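1. Pasting the sequence and the predicted model now:
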Amino acid sequence: RGMDIDTICVAPRMVTREDFFDSLKFILEDHESVTNLTSVESASVPIITFDFDNVNIDLLFASLPRDSVPPEIDLNEDSVL
């Protein structure tokens, strides 16, 4: 108990906020291990928060201005996000 995971979903430009909040939210709502799902769509940084097997997860969303997201991208670089 008391565990919390903050993570970010990084997507290429063709994945929109709407995709994140409609498609992904629908998938999470339908998953048996997900409870307490809440989304904040109007926030400057879009977020879906939920519990997965009693672990709270805050899932942020960032769409990058590129056609793909390479596996070696350094998300710690301020210029990336």
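-> Sure, I can see it.
2. Low-confidence regions, this protein specifically.
-> Applying pLDDT under 70 to the chain flags the ranges 1-2, 81.
3. ok, 90 please
-> Within the chain, the ranges that satisfy pLDDT under 90 run 1-3, 16-24, 40-46, 54, 62-63, 66, 70-81.
4. Strands along that one, start to end?
-> Shown for the chain, the strands assigned by DSSP state E span residues 4-11, 34-40, 47-52, 55-63.
5. Include mean neighbour count when you put these into a markdown table, please.
-> C-betas here are computed from N, CA, C, even on glycine. Below are those laid out as a markdown table (neighbours: other C-beta atoms under 10 Å):
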| stretch | mean neighbour count |
| --- | --- |
| strand 4-11 | 13 |
| strand 34-40 | 13 |
| strand 47-52 | 18 |
| strand 55-63 | 17 |
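6. Save those as TSV, and put in distance to D74 too.
-> Converted to TSV, the strands of the chain look like this (distance: least, C-beta to C-beta, whole Å):
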stretch	distance to D74
strand 4-11	11
strand 34-40	27
strand 47-52	22
strand 55-63	14
